[in-house]
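# I would like to see how this sequence folds:
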Amino acid sequence: MSLTAAVAPGVVRRYASDQIVTLAKLVVENAFQPIVEAGTGTVFGYESLMRGQERIGFDSPVEILDEAYRSNQLLPLEQMVASRALAKFATLGNYATSTLFLNLDVRLIPHGDRLIENLLQQLKAANLPPSSVCFEFSERFDNTSVPEFEALVSKLRRTGFKLAIDDFGVGHGEMKLLCDYAVDYLKIDRHFVADIDTKPRKRHLLKNIVNIAHVLGTRVIAEGIETEAEFLACREYGVDLVQGWFIARPTTHISELVPAFPHLQELGQNKRNTQSLDEILIRKQIELLPTVFENDSIDTVFELFRRNPRQGFFPVLNANGEPRGIIHEHHLKQYIYHPFGRDLLKNKIYERPISEFVEIAPIVSLDSDAERLMSIFANMEGSNCLILTDNMRYAGVVSAAALIKVINEKQLKIAQDQNPLTGLPGNHAIRDFMRQSGRDGDGVRHFCYCDFDNFKPFNDAYGFHLGDHAISLFAALMRRYFFAERHFLGHVGGDDFFIGVVRWTQAELSEILDRLISDFHEDVLALYSDHDRAKGSIRGHDRSGAEALFPLMRCSIGVLELPDGLVIDDINRVGTEIAHVKAAAKESLDGLVFHLLGEAN
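Below is the predicted model:
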């Protein structure tokens, strides 16, 4: 018979107040919840969560921790829970490439040394580096108000542990933490993620939080993701890692933990298989500098600078291959040029680890667009480089000069893609616009596919010169009605055009497109002979070569609407939907058809 079945919970709890650790050893378990790379669906790490405390009368982990604190048992309870979590973590098949996230109660900060030493011993026994563990600073209390906090953070980083701010946005002092301390991860609270696909204010906040974090060399984890739309929105806005029920629920059973999640891999398949022009150009400019590991000896750094006299800095990685910043030669000059400087650095009494010389540098995934990288770089004053990651690991660095080259080459490629007749961007630019707009759910978007009806018989009868004239007429009309910077005009080829419009209502767009269709029809009438114009048709040959009578030319426009909040990464699906609505527009009386993405055709 179980303990809780034999004794009422209230009685157990009263007894447990004096024997929390003893009873917790019998009933408390560690549940692991995966933290996953947003771009690939690969598991990056696991957060350890307490489970089973209800068996001794405590409704939540917070309750048992508070009671343990009141009865002066918090440190042994947390040591027991952390030790078990690490032992469980070490049995996982992917433990060597994963990170264990442990919550650090602010009330334990004065006893942080004892907690750390205990973990270091276990890590050594398991042959794991300290960078396999990340401490999450809970925002239930103001961590920075504890006198010992600064010394503890310094020791944690010096030892090689990783640091995260938990519940960012709803707790105490998280901006002070981000401002004053080098942290590896920022965990955005569920409040800012919930229904983000339908809340513009949340999307704006998330974009800016991610941007600030990346400038400071901090990666972002979105907590509490429960829907596909929330996941897609977070990934689009630059979130590095995701966690929540949509990905996987916490489990105490190791057999239920998997190294990757197929449903996330499928959602990201299109993104991974089709590199953008930006990523192609950025990869060409990446400089794969030699790196320093934070647990290397200081002699390693001196030797690296000696072998590379023209290089002023090198990236610093942790044992897991993740960047932590850069080490710059000017930090070492006072020792290099001091008569006893090198000996002082290597002296066991005064020894200073590499981690103390690490300087913050912006850290961003290399699949970001070039303009965003330049913006992040510009916002980090005095930065020597921007560190790029691929699947969270070091991929190389880019300088400001390299990014300028990328942007210039991008502009050149776009210019080369322009149609020589109309001067409008071609298919590559159109696909990039659709991809970027699909991933940004901040507002209604309309993709308009314009196609001339009965253009071939006109072109056959009147020649390519007048055919080109009709195409130029339509391009001029497009520019007349869609001139705002946020509008996108493209020339697919021949008599096919594309118009991208953001944040217009269907009524507003419909009015303008009706006028565009009407004005074009009136203008092209002047290109026909008086006889054909009076007759309202011309004789020509269809695509099979048969002679037939064709109406005079007009333009039909099929419009695909992406509603506010919808985030979609599958451009092939968008293209299929556009093809259907384009066909429907050709069959319609007025030549204009709207279709909402996802509705039945």
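
# Show me where this structure dips below the pLDDT cut-off.
1-18, 139-141, 171-174, 268-275, 334-352, 600-601 (pLDDT under 70).

# pretty sure Tyr95 is touching Leu128, no?
Yes - under the criterion of C-beta atoms under 8 Å, Tyr95 makes contact with Leu128 at 7.2 Å. C-betas here are computed from N, CA, C, even on glycine.

# what is in contact with those two at once?
Here Tyr95 and Leu128 have no joint contacts, going by C-beta atoms under 8 Å, 6 or more residues apart in numbering.

# pull the longest helix from the chain.
helix 506-525 (DSSP state H).

# what does the helix or strand that comes right after that helix rub up against?
Heading C-terminal from helix 506-525, the first helix or strand you meet, by DSSP states H and E, is helix 530-535. Residues outside helix 530-535 that contact it (C-beta under 8 Å, 6+ apart): 525, 538, 552.

# One more: stretch 136-150?
For stretch 136-150, with C-beta under 8 Å, 6+ apart as the criterion, the contacting residues are 47, 62, 101-107, 109-110, 112, 163-168, 170-174, 176-177, 180, 187.

# Start and end of it, how far apart?
Distance between the two ends of stretch 136-150: 15 Å, counting by C-alpha to C-alpha, to the nearest Å.

# quick one: the helices in the stretch 51-200 of the chain?
For the stretch 51-200 of the chain, applying DSSP state H, counting those that start in this stretch gives helices covering 61-70, 74-89, 112-125, 149-159, 174-180, 190-193, 200-215.

# Ok, which of those helices comes nearest Val258?
Each of these has some distance to Val258 by C-beta to C-beta; the shortest is helix 74-89, at 15.2 Å.

# Run the chain-centre distance for stretch 501-521.
34 Å (C-alpha atoms, centre = their mean, to the nearest Å).

# about what we covered before: buried ones in the longest helix of the chain?
509-510, 512-513, 516-517, 519-520, 524 (16 or more other C-beta atoms under 10 Å).

# And for stretch 229-245?
Using 16+ other C-beta under 10 Å as the test for burial, stretch 229-245 gives 229-244.

# And the buried ones among the contacts of stretch 136-150, selectable in PyMOL?
Restricted to buried positions by 16+ other C-beta under 10 Å, the PyMOL selection for the contacts of stretch 136-150 reads:
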select buried, resi 47+101+102+103+104+105+106+107+109+112+163+164+165+166+167+168+171+172+173+174+177+187
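
# Which of the buried residues of stretch 229-245 fall in helices?
229-236.

# So which of the residues you listed is the closest to Asp195?
For these, the nearest to Asp195 is Glu230 (7.4 Å; C-beta to C-beta).

# Name all residues that make contact with that closest one.
193-197, 222, 244, 246.

# Repeat the analysis, applying 10 Å as the threshold.
Applying C-beta atoms under 10 Å, 6 or more residues apart in numbering to Glu230 gives the contacts 190, 193-198, 202, 222, 224, 242, 244, 246, 567.

# Write the ChimeraX selection for whichever of these are buried.
Listed next is the ChimeraX selection for buried residues among these, using 16+ other C-beta under 10 Å:
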select :190,193,194,196,197,198,202,222,224,242,244,246,567
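
# any chance of the contacts of Glu230 in TSV, plus distance to Ile360?
Below are those laid out as TSV (distance: C-beta to C-beta, whole Å):
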residue	distance to Ile360
Arg190	28
Val193	26
Ala194	31
Asp195	33
Ile196	28
Asp197	32
Thr198	35
Lys202	27
Ala222	22
Gly224	28
Val242	24
Gly244	29
Phe246	32
Val567	31
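
# Next step: the contacts of Glu230 restricted to strands.
Residues of those located in strands (DSSP state E): 222, 242.

# for the closest residue in space to Leu562 that isn't next to it in sequence, which residues make a bridge with it?
Leaving out its chain neighbours, the residue that sits closest to Leu562 by C-beta to C-beta, 6 or more residues apart in numbering is Arg445, at 4.3 Å. Listed beta-bridge partners, Arg445: Val502, Leu562 (assigned using DSSP bridges).

# Tell me which residues touch Arg445, please.
Contacts of Arg445 (C-beta under 10 Å, 6+ apart): 433-434, 437-438, 500-504, 560-564, 566, 568, 597.

# mind running it again at 7 Å?
By C-beta atoms under 7 Å, 6 or more residues apart in numbering, the contact set of Arg445 is 437, 502, 562.

# same deal with Leu104?
135-138.

# Looking at these, which is nearest Gly423?
Glu136 (53.8 Å).

# Now tell me what touches the strand or helix carrying Ala585 from outside.
Using DSSP H and E, Ala585 sits in helix 571-587. Residues from elsewhere that reach helix 571-587 (C-beta under 7 Å, 6+ apart): 270, 431, 434-435, 438, 447, 449, 451, 453, 556-560, 568, 591-593, 595, 597, 601.

# One more: stretch 365-380?
By C-beta under 7 Å, 6+ apart, the surrounding residues in contact with stretch 365-380 are 39, 211, 214-215, 238, 240, 276, 278-279, 281-283, 362, 364, 383, 386, 388-390, 395, 400, 403, 406-407, 410.

# From these, list just the buried residues.
39, 211, 214-215, 238, 240, 276, 278-279, 281-283, 362, 364, 383, 386, 388-389, 395, 403, 406-407, 410.

# Could I get the full set of strands for the stretch 251-400 of the chain?
Counting by DSSP state E, counting those that start in this stretch, residue ranges of the strands within the stretch 251-400 of the chain are 292-293, 313-317, 323-328, 358-359, 363-365, 386-390, 393-398.

# Need those in a markdown table (columns: distance to Phe32).
Below are the strands of the stretch 251-400 of the chain laid out as a markdown table (distance: least, C-beta to C-beta, whole Å):
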| stretch | distance to Phe32 |
| --- | --- |
| strand 292-293 | 27 |
| strand 313-317 | 25 |
| strand 323-328 | 25 |
| strand 358-359 | 30 |
| strand 363-365 | 25 |
| strand 386-390 | 24 |
| strand 393-398 | 22 |
